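Peer 1: my questions concern the predicted model and sequence given below.
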Amino acid sequence: QKEVEQNSGPLSVPEGAIASLNCTYSDRGSQSFFWYRQYSGKSPELIMFIYSNGDKEDGRFTAQLNKASQYVSLLIRDSQPSDSATYLCAVNRKSSYKLIFGSGTRLLVRP
Amino acid sequence: EAGVTQFPSHSVIEKGQTVTLRCDPISGHDNLYWYRRVMGKEIKFLLHFVKESKQDESGMPNNRFLAERTGGTYSTLKVQPAELEDSGVYFCASSQGGGDTQYFGPGTRLTVL
């Protein structure tokens, strides 16, 4: 079992819709949770991070964390074609600063 | 402010050769990380420097990989001798503090033939 699991997609949504990206993790010692966006051939770019249970909103993006269910999600409201990219979920543990990545979900926003 | 830079952007070498990748972190960032992504797999951690010291090298695959960060500024990752399975994209990231946001460089795509 991978430490961080994501559906590879592609997840296809129409422009203006809400895109929901999901991630599960296996280590209950995971402390911090990150969503990175990666365009093809480019570097991963941090979208959001979340430490506490609940929701965290930043503009069109909302991260949701449920530690009991070991689940973290990213909602993108009013999706735009420019949001089309691979979204990487990453976690780190209390004892280490290294990021443990999922394999990413490819999002396609159709005009 | 300049971001994390990596050199070269692409490298094609033959099995058995040596390759050295370079990473220049964001100025003032004491923490420097190396990651790699092999084809079809997730990005995996290789090692973490704090200034010039190796804080965590648990992800280094074997002794063919040698990372250095002399002077606590830029870092190099040498692969000697390179094997086919070393092909992938090598990312460098840096952060100011250990738990701070990690900013990634554009990566070096390594192809071993």
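Peer 2: Nice, thanks for sending it over. Residues are numbered from 1 along each chain as shown, chains lettered A, B, ... in the order given.
Peer 1: element containing the residue nearest the centre of chain B, please.
Peer 2: Of all residues in chain B, the one closest to the mean position by C-alpha atoms, centre = their mean is residue B:34, 3.6 Å from it. Secondary structure from DSSP states H and E places residue B:34 in strand B:31-37.
Peer 1: the helix or strand that that strand is followed by - what's its average pLDDT?
Peer 2: For strand B:31-37, the following helix or strand on the C-terminal side (DSSP H and E) is strand B:44-50. For strand B:44-50, the per-residue pLDDT values average out at 96.
Peer 1: about what we covered before: between the strand holding residue B:34 and strand B:44-50, how many degrees?
Peer 2: Here the directions of strand B:31-37 and strand B:44-50 differ by 170 degrees (axes from the mean of the first three to the mean of the last three C-alpha atoms, to 10 degrees).
Peer 1: before we move on, back to that, next up, the contacts around the residue nearest to the centre of chain B.
Peer 2: Listed by C-beta atoms under 8 Å, 6 or more residues apart in numbering or on different chains, the contact partners of residue B:34 are B:23, B:45-48, B:67, B:75, B:77, B:90-92. The way it works is simple: take the backbone N, C-alpha and C, and place the C-beta from them, glycine included.
Peer 1: tell me which of those is nearest to residue A:79?
Peer 2: residue B:91 (26.5 Å; C-beta to C-beta).
Peer 1: surely the closest one forms part of a helix?
Peer 2: No. Using DSSP: H, G, I helix; E, B strand; the rest coil, the secondary structure at residue B:91 is strand, not a helix.
Peer 1: neighbours around residue 76, how many?
Peer 2: No chain specified, so I'll use chain A. Other residues near residue A:76 number 23, with proximity taken as other C-beta atoms under 10 Å in any protein chain shown.
Peer 1: switch to chain B, that's the one I care about
Peer 2: One way to gauge burial is a neighbour count; for residue B:76, by other C-beta under 10 Å, it gives 15.
Peer 1: touching, residue B:50 and residue B:25? I think so.
Peer 2: No. In this structure, residue B:50 is not within contact of residue B:25 by C-beta atoms under 8 Å, at 11.6 Å.
Peer 1: would you map the strands across chain B?
Peer 2: Assigned by DSSP state E, chain B shows strands spanning B:5-7, B:10-13, B:19-24, B:31-37, B:44-50, B:53-56, B:65-68, B:75-79, B:88-95, B:103-104, B:108-112.
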